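Engineer: Structure for this input, please:
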Amino acid sequence: MKRQWITAGVIGVCLVILGAIWFILGNPEETGEEDQKAETSVWKGKERIQEIRVENEQGGYILRWENDEAEAEGMEDLPFDTKLADGIRDDLENMKTEKKVTDGKERLSDFGLITPKAQAEVIGENGKKIEISVGDEVPDQEDPSRYILWMDQVWTVKSSKVDGLLSGENGLISKKLTPDDTDGENSILVTRMTISRESEDDLTLAYAKSQELAGYTVNSYELVSPFTYPADAEVTSDVFPVLFGVEAKTVEAVHPSEEEKEKMGLSSPWRTLQVEYTDGADQTRSFTLAASRPENGQVYVMAGDTDVIYLCSQEDLPWLEYTEETLLSRTVLAPDIKTIEELVITEGGKTHRFRFEHVGEETEQITCDGTKTDGDSFRNFYYTLAGMSADEVLFDGFPDTSSMKEFLGIRYRYQDGTEDVLVCYEEGSRQIYGELNQKERGFRLSASQVETMLETLKRLTEGEEITARY
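Structural biologist: Numbering: from 1, shown residues only. Alright, predicted model coming up:
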């Protein structure tokens, strides 16, 4: 009986030992699985990379750094993205392996390393050199990884660290089409914007003047083509900012042929944008974009003299749809109060006459029908008058006013002897038609604006203090 117990014990010990061996060595059918984490730096030490030579399916590229400035061989006439190049170098200098494949060298075809996606020779500033081959993506990974061959071993690394090795020269071309307004809209002063339009006159905005209002500098512009007219005050906040910091989606063609330009609608661009501006250092600069007619929300674009065709989203180029109507001011009339000598308003058989002397000076005097009026109250009324905005501005096709009821007249007589006369008619239900200087231009505006102005005028002429409306 004792011998049987000894025999059973020996068998049990043997089974334990065999189990341990199987656990350590693994199932023979699973040979080749990745080891436990094997994290190590691929580019060891603090030596900076000076040159990267890449061969891949897109043709590859050669990057060099001189005095820490990146350059790409053969791309001297192209808009090279130096930040992207610096990013590729930083990724390689900071790349660490995740796992090592124990028998990967014998199974390179399993990892896409017989014919790699990319091969890179990386050279340091002191002569250090490594070679890396990039293979397939590691399957079933939430955080994408790729196989690489380095130092005759197969490893896995974060895909983001080697993605830059998979592009060709086209991938190094900058997609930025216009400069950034890095310090906000006040750092850049647009002096002229011209949109050349196929089969139409140019659309041009030009800087007019700057003035201080409530402690802020306000820049004003005017439309100078196809006709001269004040531009909407909102162009500085709604129009100009979207012209800067524009980026393309993709690079479509480098050194395109005339046939390619014709095919992409750029041999005779549908729209061409030219912008002149001064930057924060008061340097005069400019840029140009030529664009094809939009199709399915996509637009082909060329920037300046760059011999590259890009593809952009139409929504990133709102200037393609700008017209005179979208850019012109809809303010009915808002002359600077300092230029006015007399303002006469006639409504409902009543006429009120305002006269101005030394406006803005200590001896300023504003009178209404011969009686002195408080300057702040008048200005708060004047903001209501000058703030009337039209729903539609007419330069021709004026309506026949012979059957309309005239109910309001406003006459500005200026210090230089000129004058503007606005006559308002009731055109329809809650709709006012105003005509400036006998069909110089016309305005359609809502009745509510005019009613608010007239109510404020009534309160002012009755001696009531008019406070600012915010």
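Engineer: which residues in the stretch 151-300 of the chain form helices?
Structural biologist: 159-162, 258-263 (DSSP state H, counting those that start in this stretch).
Engineer: Ignore what I typed, I meant the stretch 1-150 of the chain.
Structural biologist: 2-25, 82-93.
Engineer: and the longest one, what's its mean pLDDT?
Structural biologist: Along helix 2-25, the predicted local confidence has a mean pLDDT of 46.
Engineer: likewise stretch 129-139?
Structural biologist: Stretch 129-139 comes out at a mean pLDDT of 96.
Engineer: Contacts for it, please.
Structural biologist: 42-43, 56, 92, 108, 111-113, 116-123, 144-151, 154, 156, 159, 162, 165-166 (CB atoms under 8 Å, 6 or more residues apart in numbering). Backbone N, C-alpha and C define where each C-beta goes, glycine included.
Engineer: ok, residue 409 touching residue 424?
Structural biologist: Yes: using CB atoms under 8 Å, residue 409 is in contact with residue 424, at 7.4 Å.
Engineer: More neighbours: those two, which one.
Structural biologist: Between residue 409 and residue 424, counting by other CB atoms under 10 Å, residue 424 is the more crowded of the two (23 against 14).
Engineer: would the more buried one count as being in a helix?
Structural biologist: No: counting by DSSP: H, G, I helix; E, B strand; the rest coil, residue 424 is not found in a helix; it is strand.
Engineer: quick one: the residue nearest to it when sequence neighbours are not counted from residue 161, how far?
Structural biologist: Nearest residue to residue 424 in three dimensions, chain neighbours excluded: residue 408, at 3.9 Å (CB to CB, 6 or more residues apart in numbering). Between residue 408 and residue 161 the distance, using CB to CB, to the nearest Å, works out to 72 Å.
Engineer: Neighbour count for these two, which is higher?
Structural biologist: Remark: of residue 408 and residue 161, residue 161 carries more neighbours, 22 against 18, as counted by other CB under 10 Å.
Engineer: residues in contact with the more buried one?
Structural biologist: 91, 92, 94, 95 are the contacts of residue 161 under CB under 8 Å, 6+ apart.
Engineer: Now do it against residue 172, distance only.
Structural biologist: When residue 161 is compared with residue 172 (using CB to CB), they lie 17 Å apart.
Engineer: now do residue 195
Structural biologist: In terms of CB to CB, residue 195 sits 31 Å off from residue 172.
Engineer: got it, and residue 466?
Structural biologist: Distance, residue 466 to residue 172, by CB to CB: 63 Å.
Engineer: just residue 389 next, same as before
Structural biologist: Taken as CB to CB, the span from residue 389 to residue 172 is 49 Å.
Engineer: Just give the closest residue to residue 178, not the sequence neighbours.
Structural biologist: Counting by CB to CB, 6+ apart, the residue nearest residue 178 is residue 246, at 4.5 Å.
Engineer: Give me the below-cutoff pLDDT ranges for this structure.
Structural biologist: 1-37, 182-186, 211-217, 469-470 (pLDDT under 70).
Engineer: Quickly list the domain ranges of it.
Structural biologist: Domain ranges of the chain: 34-172, 185-327, 337-461, per automatic domain parsing.
Engineer: Dump these into a markdown table; add distance to residue 179 as well.
Structural biologist: Shown next, in a markdown table, are the domains of the chain (distance: least, CB to CB, whole Å):
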| stretch | distance to residue 179 |
| --- | --- |
| domain 34-172 | 12 |
| domain 185-327 | 6 |
| domain 337-461 | 33 |
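Engineer: right, so of these, which gets closest to residue 178?
Structural biologist: domain 185-327 (4.5 Å; CB to CB).
Engineer: Neighbours of the closest residue to residue 416 other than its chain neighbours, how many?
Structural biologist: Once flanking residues are discounted, residue 416 sits nearest to residue 339: 7.6 Å by CB to CB, 6+ apart. If you count neighbours by other CB under 10 Å, residue 339 ends up with 13.
Engineer: so residue 339 sits right up against residue 415, yeah?
Structural biologist: Yes: Residue 339 lies in contact with residue 415 (CB under 8 Å); the separation is 5.9 Å.
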